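Asks: dropping the sequence and predicted coords here.
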Amino acid sequence: MLVADLRAMERLPRQITLDELRENSLVRRLKFLKNVRLIISPVTEEEYQEILRMAGIVATPGLPLP
């Protein structure tokens, strides 16, 4: 069994609801949206960038997103 201890480094500018994630065609296939018992699941770079965009984090030209 593998265990990970994860902690947030900072809060997102705005919270994203599960309903918002489920309605977004770019992220609706995330495994944790189908199985609410999943705590950790893989996320593609595209899904990650979309979640950041939804949360209000906008890329600055020339600087990578976190």
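Replies: Thanks, I have it.
Asks: for the protein, which segments count as helices?
Replies: Taking DSSP state H as the criterion, the chain carries its helices at 18-23, 31-34, 45-54.
Asks: out of those helices, which is closest to residue 6?
Replies: helix 31-34 (13.2 Å; CB to CB). Heads up, the C-betas are built off the backbone N, CA and C, glycines and all.
Asks: columns mean neighbour count on top of the helices of the chain, output as a markdown table?
Replies: Formatted as a markdown table, the helices of the chain follow (neighbours: other CB atoms under 10 Å):
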| stretch | mean neighbour count |
| --- | --- |
| helix 18-23 | 12 |
| helix 31-34 | 13 |
| helix 45-54 | 15 |
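Asks: will you turn those helices into a markdown table that also has mean pLDDT and distance to residue 2?
Replies: Shown next, in a markdown table, are those (pLDDT from 0 to 100; distance: least, CB to CB, whole Å):
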| stretch | mean pLDDT | distance to residue 2 |
| --- | --- | --- |
| helix 18-23 | 91 | 25 |
| helix 31-34 | 80 | 16 |
| helix 45-54 | 89 | 21 |
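Asks: out of those, which is closest to residue 5?
Replies: With CB to CB as the criterion, residue 5 lies closest to helix 31-34 of those, at 17.9 Å.
Asks: list the contacts for the residue lying closest to residue 6 once chain neighbours are set aside?
Replies: For residue 6, ignoring the flanking residues on the chain, the nearest one in space by CB to CB, 6 or more residues apart in numbering is residue 40 at 7.6 Å. By CB atoms under 8 Å, 6 or more residues apart in numbering, the contact list for residue 40 reads 4, 6, 32.
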